[in-house]
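> model the following, please.
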Amino acid sequence: MPKTKQPLDLSEFETHIQVRPMRVSDYDALVAMQLKCFPGMQPWAQDQIETQIAMFPEGQLVVEFDGELVASSSSLMVTFDEYEEWHDWKVIADNGYIRNHDPEGDTLYGIEIMVDPEYRGLKLARRLYDARKELARQKNLRRIIIGGRIPNYHKHADELSAREYVDEVLNKNIFDPVLTTQLANGFRLVRLIANYFPSDDDSRGYATFLEWANLEHVEEGARRAHLVSMVRLCLVQYRMRRVASWEEFAAQVETFVDLASDYKSDFVVFPELFTTQLLSIVEAPAPSVAARKLAEFTERYLELFTDMAVSFNVNIVGGSQFTIEDGQLYNISYLFRRDGTIGKQYKLHITPNEKKWWGVNPGKHVEVFDTDRGKICILICYDVEFPELARVATAKGAKIVFVPFNTDERYSYLRVRHCAQARAIENQLYTAIAGCAGLIPNVDNADLHYSQCGIFTPADFPFARDAVASESMPNIETVVVHDVDLELLRRNRMSGTVRPWTDRMNEIYAVRYVDRDEGTVEC
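A predicted model of the protein is given here:
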């Protein structure tokens, strides 16, 4: 693989995936997808799509993958008590025209979700269900009701009744592509409905009646509380060991991303330079040469992590990886968003060993990244030991600082840990650290590792005792999965016992930094 001399154009590795409102111009693509998803069933007429969009535009959604329409969702709002015939979708959905949509209703009724068969396995249905849930929260609805097909039933209809088949799916003895997905997305089976779709031969006309309850619903007249904003973090404590090939490395990494996705994490965080595991398959006469050979894997690394972020529907902080730009070696942490886009943060402060052994060069800017869970920052290992960087990131709006690190023994680890805890207290935000454990024999400057992952908070009453939200056992391969509440940060900055961020005295002192876009800025 040739060495990369110019900065990599990250757009070549990006995939663009987005959930957006449905448009009338999507009609032909919707029909083509519907014929692939539901062969033998009558597709939507154009006037039905036009009416759905006119009546309730927020409820009609599509997913685009690199500009191609690959999934869709249709719904309307109704008042639950006004309907008894939940078994008849034509009545509830007005035969697909939804002219009965009730803006004052208390229930979101899902008419249809479909995913192009060629794009299944990318958790696109989860994106659409999440969008429906968010709509229900915004509208303060009580529930979401859906009637789902059971398309694999025809394979078992000779041996099982519909009720027995559904029981087997509930017990995870049989996989059904629709019902299994709905259950995994938090829906509760209420009952089985016969003759829901008489033309649906695969389901033998049956459908399931499922409900998702909005736990944030507030009764009319009650004081509406500010909704919490929860973010689920998954930190990987990665065990370093020798690998025999790139494929073995990729399989180990995918295991953790899959696990994070199963836990419905919003972010999964890998350690700094965990890719040095690949040095076990690299032959080099000196560490400086080995580092540049490791950089030859960067393009494959970018492709792998972009694909995983989209396929597993999770934002990935990809630890860090050596990259050569303009002939210089950098230690870069890449952010792989689940919409397929990529960001990068250079390591700014280079340790003496990194300079001595590898010849790493420093970056120049503190980046703050927009994500679907708010603004975040990445400070690579040593960078968290410089308070000014976290102060700059906080001024730019970051609420979570991720710290991928790589330390060889406990003293080094404690510097990272204690400084991460200090940054959380000083700036009234969350910090999350993820490092490597284990040993790679005969790999200079990357053989020994010490780690204990942790999520740290401000030190005040609303947060965890000791200001440690969660942490791992030291030096074992494991993950930490924990929810952090961004609303608590907002309240803490307004009315905390102390307010280190709010009470800083910029008239006496300030951090002065050079911003790429804004020039010289003080905070």
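> quick one: low-confidence parts of the stretch 401-523 of the chain?
Within the stretch 401-523 of the chain, no range satisfies pLDDT under 70.
> which residues of it fall in strands?
430-434, 436-439, 448-449, 454-456, 468-471, 478-485, 512-515, 519-522 (DSSP state E, counting those that start in this stretch).
> what residues does the residue nearest in space to the middle of the chain make contact with?
By C-alpha atoms, centre = their mean, the chain has its centre lying nearest to residue 314, at 2.7 Å. Counting by C-beta atoms under 8 Å, 6 or more residues apart in numbering, residue 314 makes contact with 234, 257, 260-261, 265-268, 308, 338. Any C-beta I mention is one placed from the backbone N, CA and C, and that applies to glycine too.
> same thing but 6 Å
Residue 314 is in contact with 260-261, 265, 268, 338, counting by C-beta atoms under 6 Å, 6 or more residues apart in numbering.
> what's the answer for residue 189, then?
208, 210.
> in which helix or strand does it reside?
Assigned by DSSP states H and E, residue 189 falls within strand 188-193.
> extract the CA atoms of that strand and return them as CSV.
Presented in CSV, the C-alpha positions along strand 188-193 are these (Å, rounded to 0.1, in the frame of the first residue of the first chain):
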residue,chain,number,x,y,z
ARG,A,188,-44.9,-4.2,23.6
LEU,A,189,-47.1,-6.9,22.0
VAL,A,190,-50.7,-6.2,23.0
ARG,A,191,-52.6,-8.8,20.8
LEU,A,192,-52.7,-10.6,17.5
ILE,A,193,-55.1,-9.4,14.8
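> identify each buried residue in that strand, please.
Buried residues in strand 188-193, counting neighbours by 16 or more other C-beta atoms under 10 Å, are found at 189, 192-193.
> let me know the closest of those residues to residue 438.
residue 189 (43.5 Å; C-beta to C-beta).
> report pLDDT for that closest one.
The per-residue pLDDT reported for residue 189 equals 92.
> helices of the stretch 251-400 of the chain, start to end?
For the stretch 251-400 of the chain, the helices defined by DSSP state H, counting those that start in this stretch cover 287-295, 298-311, 352-353, 387-395.
> is it possible to export these to CSV including mean pLDDT and distance to residue 147?
As requested, these are exported to CSV (pLDDT from 0 to 100; distance: least, C-beta to C-beta, whole Å):
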stretch, mean pLDDT, distance to residue 147
helix 287-295, 93, 53
helix 298-311, 97, 28
helix 352-353, 93, 61
helix 387-395, 96, 47
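> out of those, the one nearest residue 77 is which?
helix 298-311 (30.7 Å).
> list of residues touching the closest one?
For helix 298-311, the surrounding residues in contact (C-beta under 6 Å, 6+ apart) are 13, 15, 17, 122, 250, 257, 316, 318, 321, 323, 336, 338, 340.
> how close does residue 448 sit to residue 406?
From residue 448 across to residue 406, the span is 10 Å (C-beta to C-beta, to the nearest Å).
> what's stretch 409-427 in contact with?
Contacts of stretch 409-427 (C-beta under 6 Å, 6+ apart): 384-385, 390, 394, 403, 405, 407, 431, 433, 450, 456-459, 500-501.
> any idea how far it is from the chain center?
Mean-position distance between stretch 409-427 and its chain equals 26 Å (C-alpha atoms, centre = their mean, to the nearest Å).
> and stretch 184-197, by the same measure?
27 Å.
> start to end distance for it?
End-to-end distance of stretch 184-197 (C-alpha to C-alpha, to the nearest Å): 23 Å.
> go on, stretch 506-523?
Stretch 506-523 stretches 7 Å from its first residue to its last (C-alpha to C-alpha).
> once you drop chain neighbours, what's closest to residue 396?
Spatially, and ignoring its direct neighbours in sequence, residue 396 is nearest to residue 368 (4.0 Å; C-beta to C-beta, 6 or more residues apart in numbering).
> can you pull the contacts of the one you found?
375, 377, 393, 396-398.
> repeat that with 8 Å
Per C-beta under 8 Å, 6+ apart, neighbours of residue 368: 375-377, 393, 396-398.
> any chance of JSON lines for those, columns neighbour count and distance to residue 355?
Listed next are the contacts of residue 368 as JSON lines, based on neighbours: other C-beta atoms under 10 Å; distance: C-beta to C-beta, whole Å:
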{"residue": "375", "neighbour count": "16", "distance to residue 355": "31"}
{"residue": "376", "neighbour count": "26", "distance to residue 355": "28"}
{"residue": "377", "neighbour count": "27", "distance to residue 355": "24"}
{"residue": "393", "neighbour count": "27", "distance to residue 355": "24"}
{"residue": "396", "neighbour count": "17", "distance to residue 355": "28"}
{"residue": "397", "neighbour count": "12", "distance to residue 355": "32"}
{"residue": "398", "neighbour count": "24", "distance to residue 355": "28"}
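> returning to what we had before: higher neighbour count, residue 448 and residue 406?
residue 406 (27 against 15; other C-beta atoms under 10 Å).
> that one contacts residue 435, doesn't it?
Yes - between residue 406 and residue 435 there is a contact under C-beta atoms under 8 Å: 6.1 Å.
> quick check, residue 209 in contact with residue 187.
No - with contact defined as C-beta under 8 Å, residue 209 does not reach residue 187; the gap is 10.0 Å.
> so what sits against both of these two?
The contact lists of residue 209 and residue 187 share residue 146, where a contact means C-beta under 8 Å, 6+ apart.
> which one of those two has more residues nearby?
A count of neighbours by other C-beta under 10 Å puts residue 187 above the other of residue 209 and residue 187, at 22 against 18.
> tell me the contacts of the more buried one?
By C-beta under 8 Å, 6+ apart, the neighbours of residue 187 are 144, 146, 210-212.
> among these, which lie within helices?
Nothing among the contacts of residue 187 maps onto helices, per DSSP state H.
> the residue nearest to residue 206 when sequence neighbours are not counted and residue 180, how far apart?
What sits nearest to residue 206 in space, not counting adjacent residues and going by C-beta to C-beta, 6+ apart, is residue 162, at 4.6 Å. Per C-beta to C-beta, residue 162 is found 16 Å from residue 180.
> who has more neighbours, those two?
residue 162 (20 against 16).
> test my guess that that one contacts residue 204.
Yes - using C-beta under 8 Å, residue 162 is in contact with residue 204, at 6.7 Å.
> between those two, what contacts are shared?
By C-beta under 8 Å, 6+ apart, the residues touching both residue 162 and residue 204 are residue 153.
> ok, residue 244 to residue 251 distance?
Taking C-beta to C-beta, one finds residue 244 at 11 Å from residue 251.
> which residue ranges form the strands in the stretch 1-150 of the chain?
17-21, 61-65, 68-78, 107-115, 143-149.
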